[in-house]
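K.L.:
My questions concern the predicted model and sequence given below.
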Amino acid sequence: MSFQSLYFWGNIVGVSIGLFVAISTFIHYRKLNQTGRAIRWFIGSLTVCLIFVNGLIKIVEIMDDHMRKEAFELLDESFKERGDPNNESYDNLEIVVTPDKQRSSTSYNIYVANFNKQYSYKGKIKITIRNKKDKKVFTHVTETITIKPGEKKEIENTLYDTWHPGYSWRWLGELKK
């Protein structure tokens with residue numbers, strides 16, 4: 001889910017809760033013939049609910065940005081270890097898979113980078129998640145992607161029921177100028 005839709009639906013929920021609380025308090029204070037207080041509570045309830053919901057969304061966004069930044073740093077480290085900056089090749093394509101443990105499942109976030117200077121990659125990536133004994137647990141093949149020279153991005157994630165520490169990957173596509 002993109003952050004634009006998260007903000008949209010989050011604000012819909014915030015307004016809905018805010019309206020429920022605001023209307024309830026407005027009706028209560030109107031029965032007491034305190035119209036001024038009713039209006040202040042109405043406006044205050046809406047404002048507090050919207051601030052609270054947007055604060056939660058911002059926290060999620062900051063955590064996601066932090067995770068993306070760490071993954072991009074891992075991509076840079078991998079390239080320094082095994083990349084070939086003098087040649088345009090598959091050695092300059094890197095992947096990082098970061099597991100994100102949730103209550104009932106694990107989300108495996110997939111980040112890719114193309115450190116080639118002239119060649120784009122178009123194709124799929126086959127990712128195999130492995131357990132501690134290096135045995136294959138499951139395999140995931142991404143949708144077709146295009147990564148331009150110098151580009152780094154998060155492409156997708158896949159869910160699985162448990163967390164496993166290792167992974168391997170293979171490119172299923174081609175480099176083109």
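P.N.:
That came through, no problem. Computed from a predicted structure; not experimentally measured.

K.L.:
on contacts alone, who are the packing partners of the longest helix seen in the chain?
P.N.:
In the chain, with assignment by DSSP state H, the single longest helix is helix 35-82. With contacts defined as 3 or more CB pairs under 8 Å, 6 or more residues apart in numbering; DSSP states H and E, the secondary structure elements packing on helix 35-82 are helix 3-31, strand 93-101, strand 106-114, strand 152-160. All C-beta atoms are positioned from the backbone trio N, CA, C, and that covers glycine.

K.L.:
Could you tell me which strands the last one is paired with, and in which direction each runs?
P.N.:
Applying DSSP bridges to the sheet, strand 152-160 is found paired with strand 106-114 (antiparallel).

K.L.:
I'd like the next helix or strand past the partner strand.
P.N.:
The first helix or strand that comes after strand 106-114 along the chain, using DSSP states H and E, is strand 120-130.

K.L.:
I'd like to know which elements that next one is packed against.
P.N.:
When contacts are defined as 3+ CB pairs under 8 Å, 6+ apart, strand 120-130 packs onto strand 93-101, strand 106-114, strand 136-141, strand 145-147, strand 152-160, strand 166-176.

K.L.:
repeat that for 7 Å
P.N.:
strand 93-101, strand 106-114, strand 136-141, strand 145-147, strand 166-176 (3 or more CB pairs under 7 Å, 6 or more residues apart in numbering; DSSP states H and E).
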